[in-house]
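Asks: 3D model of this:
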Amino acid sequence: ECLEEIGCKIKTTGDIGTIVEYRSKFKVKQTSYCYLAEIVGAKDKPQLTPDEIEEGFVVAWMPIDEAIRKASQGNMSVYEVPYMTTRDRAFLEEARQKIN
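Replies: Numbers count the residues shown, from 1 in each chain. Okay, here's the model as predicted:
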């Protein structure tokens, strides 16, 4: 999954946690798992789908504090965005505690 999404092979080094989300609008239960990891080998180009490319997906490497700030941004009027920003920010804040 990481090779496809970010263009890197990884080695997990620890568990961050699990978040379960219930999205009533679509009657969806989503379970997300998050891990600490190290890059193995060189960073390469992600293998994004045509839809992801059209939507402007990009890989951005940044310090964790900047990632936490960015995870708090987004168009909150889009139904899924508050779920994603809350989940991603929680994972990143937990990761920051574990790596410090």
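
Asks: contacting residues around the residue minimising distance to the centre of the chain?
Replies: What sits nearest the mean C-alpha location of the chain, by CA atoms, centre = their mean, is residue 88, with 5.8 Å. By CB atoms under 8 Å, 6 or more residues apart in numbering, the contact list for residue 88 reads residue 71. Where you see a C-beta, it was placed from the backbone N, CA and C, and this is true even at glycine.

Asks: check which helix or strand covers the residue lying closest to residue 38 once chain neighbours are set aside.
Replies: Closest residue to residue 38 apart from its sequence neighbours, by CB to CB, 6 or more residues apart in numbering: residue 11 at 5.1 Å. For residue 11, the element it lies in under DSSP states H and E is strand 9-23.

Asks: looking only at pLDDT, what's the mean for that strand?
Replies: Taken as a whole, strand 9-23 has a mean pLDDT of 95.

Asks: Flag every buried residue along that strand.
Replies: 10, 16, 19 (16 or more other CB atoms under 10 Å).

Asks: and which of those residues is nearest to residue 61?
Replies: residue 10 (13.2 Å; CB to CB).
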